[in-house]
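**Q** Make a model of this:
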Amino acid sequence: TLPTCCYSRQTQLPTMDDMMDMMDMDLGMDMDLDALMAQLETVQEDVPEVKLSRRNCIELVMKLQELGLIKLWYTMDGKEYLTPEWLKQAIPTEVLAHNGRISLVDLHEVLNVDMTHIESKVEELLQEGQHDLQLIQGELLNSVAVDHIAQEVNELLQETGSVDLGSVCVRFGLPSNYLVPELKRRVGTYLQGELDADGLTVFTAAKRQRLKAQLRGFMRGVTSTCTVMMIFTRFPHVTQSDISAILRELVEEGSIKGKLEGGGDSLRFVPAIQKQSQQRWIDSFFQGNGYLEYDKAAQLGVSAPRKFLMSRFKEAVALNTCIVGQDMVDRVNGTLEEAISSASVNEQVVDTLPMFPPCCTEDDVELLLKHCPFYSDSSNLLRLGDSAVATNSFVENLTAQCLEPIASKVKSYDRAELQRLLSQDSAPVASKKESSSSTGKKKGKKARKGSSRDDDWDTQTTASSSQAPTFFSEESLREKLESLIPDHEELYGVIDALCEKLLRPLNKAFQDQLVEAFQSAGSSRLKQREGLVATFTALYNNVALFTSHISKLEVDDATCKEQLTKHLLRTIASDLVAALLRVIAFDEGLEVDADGPLSAAARRDLLSQLKPQVKSSINELVQLCNGKDMNVFQEKLSAQMDQSQLFVRPLDKRRERELMLQLSHALESQIKALNEDSDISTALLLVLTALLNSKCQLCLHVHGRCIPALIPLVLAQLSDEEAGTLKQAQTMVYDALTRQASKEGSEEADLESSTEPVAFPFSAMKKLVLKD
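**A** Got it, this is the predicted structure:
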């Protein structure tokens with residue numbers, strides 16, 4: 001509320017402008033505080049005769065606010081002014097007045113101030129950290145409120161003996177993440193008690209002592225293993241953590257006899273009396289029987305029985321279901337050694353099951369046998385069935401006796417019978433040689449189907465084991481083994497184990513012997529076909545290599561590539577078609593001469609005996625050899641190869657380098673053989689081809705008419721002296737051809753047919769290729 005201002009009766013009532021001027025003058029004067037206070041006191045004591053009206057006061061205050069000299073806020077009813085500083089001081093005061101806790105809504109009603117102003121000042125107070133204030137869920141609290149809560153909780157604690165801090169949070173309507181830490185800090189001061197292991201319950205000392213006494217009495221009556229969960233069901237008002245903590249105290253103090261095992265929810269108390277009775281029974285059983293099952297130890301309440309038993313009987317052998325003493329291991333080892341060492345080869349098998357504890361499984365038998373020196377140190381012993389042990393000699397002897405009728409049976413078959421057995425259901429067994437022979441089949445491709453003639457055995461597919469010819473069935477092998485082992489009824493599972501072990505190898509041996517016999521009968525034809533396919537593969541690779549390098553060639557003469565392609569088609573490609581025809585005719589069972597070139601008459605004779613489709617395809621390839629389109633030739637050739645199930649692996653980088661190296665060595669061998677009597681045109685072609693290979697990395701089947709276009713490629717890679725030698729040789733060859741053409745009256749002469757003796761530089765030409 002604004003203070004009342006008054007003036008004396010003699011003074012004329014000033015106007016509003018006069019009052020403002022006076023205030024400006026007063027504010028501008030440099031007066032000390034004591035003088036101003038004295039003046040204010042005088043004015044307040046003087047009883048004015050004339051007072052300012054309410055309107056004047058309001059206008060005066062508004063003017064001061066406009067000038068920024070004062071900052072005032074309205075109350076909610078608009079009847080009073082207040083300053084922000086006063087509100088900032090009033091908020092902590094009101095909090096204290098309400099025992100340290102008041103909501104912002106109540107503060108808004110008490111102070112009669114807009115909520116926006118209260119929230120802004122509360123935020124300032126919280127940021128400054130003064131007055132120990134906290135804003136919790138729309139309420140302002142300080143330590144006084146928590147102290148009051150702690151005092152109330154302490155009263156409840158003394159009455160009940162324990163208080164759950166979580167229920168306290170619900171009771172006082174405060175979050176646990178705020179109130180619980182505050183109450184924990186007051187344990188021992190405002191709260192006369194102690195926290196439990198979880199830190200969520202406060203006990204009085206008397207209550208904890210009573211609980212400890214109850215647990216001590218309960219645990220002293222326990223005679224078997226008892227878990228914390230079992231104890232918790234008897235004391236539901238106590239947490240598991242408190243029970244665990246008190247139990248540890250009792251064990252450490254020696255108030256209860258026993259020990260704690262495990263941890264957390266799996267913590268258990270093992271009384272000493274149970275431990276003693278367990279150990280007495282375990283020792284007695286193990287010493288009397290030589291073994292002890294883990295299940296029996298677990299039934300006695302032993303936790304981790306395997307670990308416990310191994311720690312107690314350190315020399316025992318741990319199996320999957322039990323432990324056995326060293327005496328039993330020695331007994332099994334001695335019995336095994338005596339039974340096998342003293343028997344003949346046909347009787348070197350013994351059933352070890354009667355020697356083992358009745359609880360032993362298959363895996364236990366294997367583990368125990370590994371601890372027997374006679375078994376583990378011998379490479380001649382193996383296990384059969386569940387528990388039988390035999391020597392390798394015993395099994396090998398049985399195998400040899402079973403192989404005797406197989407060998408006799410295979411020898412009785414003729415070639416036709418062998419072919420019939422190997423071609424059952426159009427899925428014959430593939431020969432061993434198929435996997436290693438290079439008979440033109442591409443790996444991973446499907447082999448051709450059709451009739452199973454004597455000469456196409458190596459191209460047939462591999463049959464599954466169920467379709468392959470077999471000698472023994474499971475029943476027949478069982479009968480054979482029972483006849484070979486007189487005491488098989490006493491050897492549990494031995495016959496089954498031997499059948500499983502020997503059935504597949506014996507039938508595989510039968511199949512291998514069939515294949516070997518069949519291959520032996522037709523080995524000459526197989527070798528002949530391999531030679532034909534090898535010849536075809538070599539020619540195919542040469543054509544592919546030369547074609548690839550022709551495409552890489554860069555020369556000025558546009559007709560050079562065409563001449564090289566035509567020359568390749570008429571020479572090597574023509575031989576390739578002849579090789580393909582030989583392979584196809586051989587596969588059809590025709591007699592084929594693998595040596596020498598294939599004449600036109602021989603080609604027509606072979607074609608007349610082939611299918612019309614094959615005949616048409618071969619004739620088309622022969623016609624393409626007289627053309628100049630290598631792409632069309634290769635397409636037709638690939639189609640015929642697919643139809644004939646003849647596959648050649650495409651050239652890769654590595655194979656191409658190997659082939660170039662082979663051709664280079666062949667050229668060098670031919671160049672080394674040149675002498676003064678050699679044809680000079682042939683010498684020039686050989687040297688130029690070798691230089692293209694070594695200097696330009698071009699492998700070409702060079703034609704004589706392409707020499708002028710190819711020589712510049714080589715000259716650029718030679719020294720001046722070497723280039724001069726090559727040019728001289730070229731000039732001499734063309735001079736010789738010119739003279740020969742003049743003598744014969746011919747307009748042109750083939751380069752390769754020149755025989756005119758000329759003083760040709762053979763030695764210098766050889767040095768261009770042969771550096772050493």
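
**Q** Lowest mean pLDDT among the helices and strands, pick that one out for the protein.
**A** Here the helix or strand of the chain ranked lowest by mean pLDDT, DSSP states H and E is strand 6-7, holding a mean of 30.

**Q** Does the helix or strand containing Val329 pack against any helices or strands, and if so which?
**A** Val329 is located in helix 326-341, with elements delineated by DSSP states H and E. Using 3 or more CB pairs under 8 Å, 6 or more residues apart in numbering; DSSP states H and E, the elements in contact with helix 326-341 are strand 349-351, helix 362-370, helix 373-376, strand 388-391. To be clear about C-beta, it is placed using only N, CA and C from the backbone, and glycine gets the same treatment.

**Q** Please give me every residue in contact with Gln563.
**A** Taking CB atoms under 8 Å, 6 or more residues apart in numbering as the criterion, Gln563 is in contact with His703, Arg705, Cys706.

**Q** got the buried residues for the lengthiest helix in the chain?
**A** Assignment by DSSP state H gives helix 523-552 as the longest helix of the chain. By neighbour count on 16 or more other CB atoms under 10 Å, the buried set for helix 523-552 is 525-526, 529-530, 532-533, 535-547, 549-550.

**Q** Equivalent analysis for stretch 267-278, please.
**A** For stretch 267-278, burial by neighbour count (16+ other CB under 10 Å) applies to Leu267, Arg268, Phe269, Val270, Pro271, Gln274, Lys275, Gln278.

**Q** Using PDB, write down the CA coordinates of that stretch.
**A** Output in PDB follows, covering the C-alpha atoms of stretch 267-278 (Å, rounded to 0.1, in the frame of the first residue of the first chain):
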ATOM      1  CA  LEU A 267      22.600 -69.300  -1.300                       C
ATOM      2  CA  ARG A 268      22.200 -72.400   0.900                       C
ATOM      3  CA  PHE A 269      23.200 -73.400   4.400                       C
ATOM      4  CA  VAL A 270      24.800 -76.900   4.900                       C
ATOM      5  CA  PRO A 271      24.700 -77.900   8.500                       C
ATOM      6  CA  ALA A 272      27.900 -79.600   9.800                       C
ATOM      7  CA  ILE A 273      26.000 -82.700  10.900                       C
ATOM      8  CA  GLN A 274      24.800 -83.300   7.400                       C
ATOM      9  CA  LYS A 275      28.300 -82.800   6.000                       C
ATOM     10  CA  GLN A 276      29.700 -85.400   8.400                       C
ATOM     11  CA  SER A 277      27.000 -88.000   7.600                       C
ATOM     12  CA  GLN A 278      27.400 -87.400   3.900                       C
END
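
**Q** centre of the chain versus that stretch, how much separation?
**A** Stretch 267-278 sits 48 Å away from the centroid of its parent chain (CA atoms, centre = their mean, to the nearest Å).

**Q** which residues touch it?
**A** By CB under 8 Å, 6+ apart, stretch 267-278 touches 219, 222-228, 231, 244, 247, 251, 256-262, 297, 300-303.

**Q** try 7 Å
**A** Stretch 267-278 is contacted from outside by 219, 222-228, 244, 247, 257-262, 300-302, using CB atoms under 7 Å, 6 or more residues apart in numbering.

**Q** hmm, which of those residues are the buried ones?
**A** Met219, Val222, Thr225, Cys226, Val228, Ser244, Leu247, Gly258, Leu260, Leu300, Gly301, Val302.

**Q** Can you tell me how far the third one is from Lys275?
**A** When you say that, I think you mean Thr225. Distance, Thr225 to Lys275, by CB to CB, to the nearest Å: 9 Å.

**Q** cool, the last one as well?
**A** In this view, Val302 and Lys275 are 9 Å apart by CB to CB.

**Q** ditto for the fifth one
**A** When distances are taken as CB to CB, Val228 and Lys275 turn out to be 18 Å apart.

**Q** Kindly report the same for the fourth one.
**A** In this structure, Cys226 lies at 13 Å from Lys275, with CB to CB as the measure.

**Q** and what of Asp575?
**A** Going from Asp575 to Lys275 by CB to CB gives 95 Å.

**Q** Kindly report the same for Asp106.
**A** Distance, Asp106 to Lys275, by CB to CB: 66 Å.

**Q** Lys727 - that's part of a helix, no?
**A** Yes - counting by DSSP: H, G, I helix; E, B strand; the rest coil, Lys727 is found in a helix.

**Q** Could you give the number of residues near it?
**A** Residues near Lys727, counting by other CB atoms under 10 Å, number 13.

**Q** for the one 5 residues further on, same thing?
**A** Under the neighbour criterion other CB under 10 Å, Met732 is assigned a count of 18.

**Q** Would you check that it makes contact with Ala764?
**A** No - the pair Met732 / Ala764 is not scored as a contact, 11.4 Å apart, by CB atoms under 7 Å.

**Q** how about the CA coordinates for the host helix or strand of Met37, as PDB?
**A** Counting by DSSP H and E, the element that carries Met37 is helix 33-45. What follows is helix 33-45 as a C-alpha-only set of coordinates in PDB (Å, rounded to 0.1, in the frame of the first residue of the first chain):
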ATOM      1  CA  LEU A  33      20.800   9.000   3.800                       C
ATOM      2  CA  ASP A  34      20.500  10.500   7.300                       C
ATOM      3  CA  ALA A  35      19.100  13.800   6.000                       C
ATOM      4  CA  LEU A  36      16.600  12.000   3.800                       C
ATOM      5  CA  MET A  37      15.500   9.800   6.700                       C
ATOM      6  CA  ALA A  38      15.100  12.900   8.900                       C
ATOM      7  CA  GLN A  39      13.100  14.700   6.300                       C
ATOM      8  CA  LEU A  40      10.900  11.600   5.800                       C
ATOM      9  CA  GLU A  41      10.300  11.400   9.500                       C
ATOM     10  CA  THR A  42       9.300  15.100   9.700                       C
ATOM     11  CA  VAL A  43       6.900  14.700   6.800                       C
ATOM     12  CA  GLN A  44       5.300  11.600   8.400                       C
ATOM     13  CA  GLU A  45       4.800  13.300  11.700                       C
END
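
**Q** Now do it: distance to the chain's middle.
**A** Averaging C-alpha positions (CA atoms, centre = their mean) puts helix 33-45 92 Å from its chain's average.

**Q** what's the nearest residue to Met355 if we skip its chain neighbours?
**A** Val332 (4.7 Å; CB to CB, 6 or more residues apart in numbering).

**Q** Tell me the pLDDT of the one you found.
**A** For Val332, the pLDDT comes out at 81.

**Q** Pull the contacting residues for it.
**A** Thr352, Met355, Leu368, Cys372 are the contacts of Val332 under CB under 7 Å, 6+ apart.

**Q** Surely the second one and Gly334 touch.
**A** No - Met355 lies out of contact with Gly334 (CB under 7 Å); the separation is 9.8 Å.

**Q** So between the two, which is more surrounded?
**A** Per other CB under 10 Å, whichever of Met355 and Gly334 has more neighbours is Met355, with 20 against 13.

**Q** how far away is that one from Arg331?
**A** 7 Å.

**Q** that's a helix at Leu606, yeah?
**A** Yes - assessed with three-state DSSP, Leu606 lies in a helix.
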